[in-house]
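Participant: The following block contains a protein sequence and its predicted model.
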Amino acid sequence: QLREQVLACTACGLCQGRKHAVFGDGAQTARWMVVGEAPGQEEDRSGLPFVGRSGRLLDAMLAAVGMSRERDVFIANVIKCRPPGNRNPKPEEIAACGPYLMRQITLLRPERILVLGRFAAQTLLGVDASIANLRGRLHQLKADDGREIPVVVSYHPAYLLRSPSEKARAWQDLRLAAKG
């Protein structure tokens, strides 16, 4: 039912430029939820999150800690429609999409959330800090159902493709997430 609401959503102007709203994809009984920023061009075309080079890197990262999107992980984005030119979403777009993400978190009841990218981390945690200040430690997200969910912040796979020297730090973040 929530998926149908997202796919039919016209709450902000992003719906006018999309091919597909990207609800999310993965295990329905997910141990982890991975939250990215917004769909890119390939995601908009396919209707699935994290496809293409970034998706392949994310899948490899998850596999390195014994996880897979088919079995253990549900992947979603803060924003469900692609912003033009992959720009950062505007506050009104976040306000329109935010309740969908929070409802996904409540319904999926993940044990842990891995947040990828500065924008997604700032939005989900309600802070204005850099990735450098947010990664490397556990945060807590209070879900709408009152549960406290551990959150680990790391670099977005697209950033890691551009800056491979940061992969060691991303590995530390994955190990931190896998500890729980």
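Facilitator: Everything's here; your move.
Participant: May I have stretch 22-36 exported as PDB, CA atoms only?
Facilitator: The C-alpha trace of stretch 22-36 is given here as PDB (Å, rounded to 0.1, in the frame of the first residue of the first chain):
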ATOM      1  CA  VAL A  22      12.000   4.800  -6.700                       C
ATOM      2  CA  PHE A  23      10.300   3.200  -3.700                       C
ATOM      3  CA  GLY A  24      13.100   1.000  -2.700                       C
ATOM      4  CA  ASP A  25      14.100  -2.600  -3.100                       C
ATOM      5  CA  GLY A  26      15.400  -5.600  -1.100                       C
ATOM      6  CA  ALA A  27      14.600  -8.000   1.600                       C
ATOM      7  CA  GLN A  28      11.200  -7.500   3.100                       C
ATOM      8  CA  THR A  29      12.500  -8.800   6.500                       C
ATOM      9  CA  ALA A  30      15.600  -6.800   6.400                       C
ATOM     10  CA  ARG A  31      18.200  -6.800   9.100                       C
ATOM     11  CA  TRP A  32      19.700  -3.600   7.700                       C
ATOM     12  CA  MET A  33      18.200  -0.700   5.900                       C
ATOM     13  CA  VAL A  34      20.500   1.300   3.600                       C
ATOM     14  CA  VAL A  35      19.400   4.900   3.000                       C
ATOM     15  CA  GLY A  36      20.800   6.900   0.100                       C
END
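Participant: Adjacent strands (with direction) for the longest strand anywhere in the chain?
Facilitator: In the chain, with assignment by DSSP state E, the single longest strand is strand 148-154. Within its sheet, strand 148-154 is paired with strand 112-116 (parallel), strand 138-142 (antiparallel), according to DSSP bridges.
Participant: what element comes up after the first one heading to the C-terminus?
Facilitator: Read that as strand 112-116. For strand 112-116, the succeeding helix or strand toward the C-terminus, using DSSP states H and E, is helix 118-125.
Participant: chain center to that next one, what's the gap?
Facilitator: Between the centre of helix 118-125 and the centre of its chain there are 9 Å (C-alpha atoms, centre = their mean, to the nearest Å).
Participant: on contacts alone, who are the packing partners of the very next helix or strand once past that helix?
Facilitator: Where DSSP H and E defines the elements, the next helix or strand beyond helix 118-125 is helix 131-134. Under the contact criterion of 3 or more C-beta pairs under 8 Å, 6 or more residues apart in numbering; DSSP states H and E, helix 131-134 touches helix 118-125, strand 148-154. Where C-beta positions appear, they are placed from N, C-alpha and C, glycine not excepted.
Participant: could you say what helices and strands the first one packs with?
Facilitator: Put plainly, it is helix 118-125. By 3+ C-beta pairs under 8 Å, 6+ apart, helix 118-125 packs against strand 32-36, helix 91-108, strand 112-116, helix 131-134, strand 138-142, strand 148-154.
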